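K.L.:
Task: produce atomic coordinates for the following.
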Amino acid sequence: MTGLQPSFSHIYVEKKVRDFSLTKLALSKFSDSNVIWVDHYKDVFNRSGQDFQSQKCSMNLILAKKTKPFLYPASDLVQNFDNPNIFYNTPVLNCIYNCDYCFLQGMYNSGNIVVFVNENEFRKSIKDALLVPKDPTKPTIVSISYNTDLLAMENILPLTRRWIEFAKENINLNIEIRTKSALISSIKDMRPLDNVILSWTLSPQIICDSYEKNAPPLKSRLRAVKYAADLGWKIRLCFDPVIFINNWYEIYSEFISIVFNEIEADKVDDITLGVFRMNKDFFNRIRGRDPKSDIYFKDYVIEGKTVVESKTKRKEGLNMLTNILLKHVPKKNILVWN
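P.N.:
Presented below is the predicted three-dimensional model:
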């Protein structure tokens with residue numbers, strides 16, 4: 001259960017983070033990289049004229065210090081579970097994978113990876129949020145993999161491990177680690193926690209092949225999910241986004257059978273379902289770059305600030321998939337973005 005073992009030709013380091021522990025760890029681990037000291041990461045990451053896709057083929061690493069805010073309310077484009085205490089943070093910008101449908105390529109000029117090394121400030125912001133929840137009757141949940149795949153980064157820096165250790169010290173905090181990675185072995189020595197849920201995005205193999213560049217195949221992800229479930233971790237399966245390709249119903253029907261032939265349904269805490277959707281500014285920016293993927297040339301609608309499948313199509317499609325899932329899990333465990 002291994003993942004990509006990256007190397008970086010260049011590591012850009014803000015001068016002010018020279019003495020942070022994550023900086024020292026990264027520089028020692030990638031000692032063959034050329035180190036370039038900079039005043040501010042945005043001088044590299046935000047500069048104009050960069051080619052996102054070319055950089056994804058040979059990513060560089062940027063080590064920096066983030067400033068406020070460290071915590072953000074959950075986006076309308078994710079399931080909020082009717083809980084106002086759901087947040088996300090951004091300890092890392094960008095992902096080692098390169099999925100066609102990912103909004104990151106519309107959000108950032110650069111395909112390089114930024115790691116913010118000032119961990120304690122991220123954690124203080126969460127502790128502050130725990131003191132004044134918007135709804136004291138509901139748990140505080142933080143997604144720590146919103147702008148990246150944190151588990152996939154574990155070959156680079158032990159970020160997932162450190163966040164799990166933080167959750168262990170703060171039992172009134174719930175964290176979600178969303179991933180496509182097969183790197184579960186990197187945390188196999190850690191005790192599963194009731195307040196940590198590992199959320200795997202799973203897709204039919206034809207979707208993996210067509211739209212999820214560099215990500216592990218379905219078979220590898222399923223092995224990782226099974227391994228984590230058998231260890232006792234809480235598991236969420238994310239069938240999101242559902243892509244309506246030709247023969248999608250037959251393809252997803254077979255896919256769901258494959259999933260539950262491998263994973264015991266009673267070891268799955270819940271399942272999320274959703275369709276392709278994206279902030280229209282990000283969508284237009286990606287489409288304006290002449291993307292090779294057909295996913296940006298399908299028949300979508302615009303609802304407010306979001307490009308999305310039509311309400312009729314997504315309701316019909318997700319209802320059909322929900323009916324298949326009901327053969328395996330109870331309805332209360334199926335969470336649908338619609």
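K.L.:
Which neighbouring elements make contact with whichever strand or helix holds residue 261?
P.N.:
Using DSSP states H and E, residue 261 falls within helix 248-262. Packing contacts for helix 248-262, counted by 3 or more Cβ pairs under 8 Å, 6 or more residues apart in numbering; DSSP states H and E, involve helix 205-211, helix 218-231, strand 234-242, helix 311-325. For every residue, glycine as well, the C-beta is placed using N, CA and C.
K.L.:
any idea which of these is most buried?
P.N.:
For the helices and strands packed on helix 248-262, the largest average neighbour count (mean count of other Cβ atoms under 10 Å) is found in strand 234-242, namely a mean of 22.
K.L.:
In its sheet, which strands sit next to that one, and in what direction?
P.N.:
Sheet pairing for strand 234-242, assigned by DSSP bridges, gives strand 196-201 (parallel), strand 270-275 (parallel).
K.L.:
and those strands as CSV, adding distance to residue 76?
P.N.:
Listed next are these as CSV, based on distance: least, Cβ to Cβ, whole Å:
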stretch, distance to residue 76
strand 196-201, 19
strand 270-275, 12
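K.L.:
Just send these back as CSV, with mean neighbour count and mean pLDDT too.
P.N.:
What follows is those, written out as CSV (neighbours: other Cβ atoms under 10 Å; pLDDT from 0 to 100):
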stretch, mean neighbour count, mean pLDDT
strand 196-201, 22, 98
strand 270-275, 21, 97
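K.L.:
Identify the residues contacting stretch 303-317?
P.N.:
76-77, 242, 244, 248-249, 275-281, 283, 299-302, 338 (Cβ atoms under 8 Å, 6 or more residues apart in numbering).
K.L.:
State the distance from the closest residue to residue 326 other than its chain neighbours to residue 85.
P.N.:
Leaving out its chain neighbours, the residue that sits closest to residue 326 by Cβ to Cβ, 6 or more residues apart in numbering is residue 334, at 7.4 Å. Note on residue 334: its distance to residue 85, by Cβ to Cβ, to the nearest Å, is 22 Å.
K.L.:
More neighbours: the two, which one.
P.N.:
Applying other Cβ atoms under 10 Å to residue 334 and residue 85 shows that residue 85 carries more neighbours, namely 21 against 18.
K.L.:
For that one, give me its contacts.
P.N.:
By Cβ under 8 Å, 6+ apart, the contact list for residue 85 reads 129, 133, 134, 135, 138, 139, 140, 141.
K.L.:
And the fourth one, how far from residue 129?
P.N.:
It stands for residue 135. Distance from residue 135 to residue 129, by Cβ to Cβ: 12 Å.
K.L.:
neighbour count winner among the two?
P.N.:
Each of residue 135 and residue 129 has its neighbours counted (other Cβ under 10 Å); residue 129 has more, 17 against 11.
K.L.:
buried sites along stretch 323-333?
P.N.:
Using 16 or more other Cβ atoms under 10 Å as the test for burial, stretch 323-333 gives 325, 328, 329, 333.
K.L.:
Select from the residues you listed every entry located in helices.
P.N.:
Among the buried residues of stretch 323-333, the members falling in helices (DSSP state H) are residue 325.
K.L.:
In this structure the residue nearest to residue 326 contacts residue 274, no?
P.N.:
No - contact criterion Cβ atoms under 8 Å: residue 334 and residue 274 do not qualify, at 11.5 Å.
K.L.:
Which ones among the contacts of residue 85 map onto helices?
P.N.:
Reading helices off the contacts of residue 85 with DSSP H, I get residue 129.
K.L.:
Which of the contacts of residue 85 sits closest to residue 321?
P.N.:
Using Cβ to Cβ, residue 141 comes nearest to residue 321 of the contacts of residue 85, at 24.5 Å.
K.L.:
quick one, what contacts that closest one?
P.N.:
Residues in contact with residue 141 (Cβ under 8 Å, 6+ apart) are 81, 83, 85, 86, 87, 174, 175, 176.
K.L.:
Kindly recompute the last result at 10 Å.
P.N.:
Residue 141 makes contacts with 74, 80-81, 83, 85-88, 173-176, 195, 197, as judged by Cβ atoms under 10 Å, 6 or more residues apart in numbering.
K.L.:
Which pair of those residues spans the longest distance?
P.N.:
By the measure Cβ to Cβ, 80 and 195 form the most distant pair in the contacts of residue 141, at 18.2 Å.
K.L.:
picking up where we left off before, buried subset of the contacts of stretch 303-317 as a PyMOL selection?
P.N.:
In PyMOL syntax, the buried subset of the contacts of stretch 303-317 is picked out as below (16+ other Cβ under 10 Å):
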select buried, resi 242+244+248+275+276+277+278+279+280+283+300
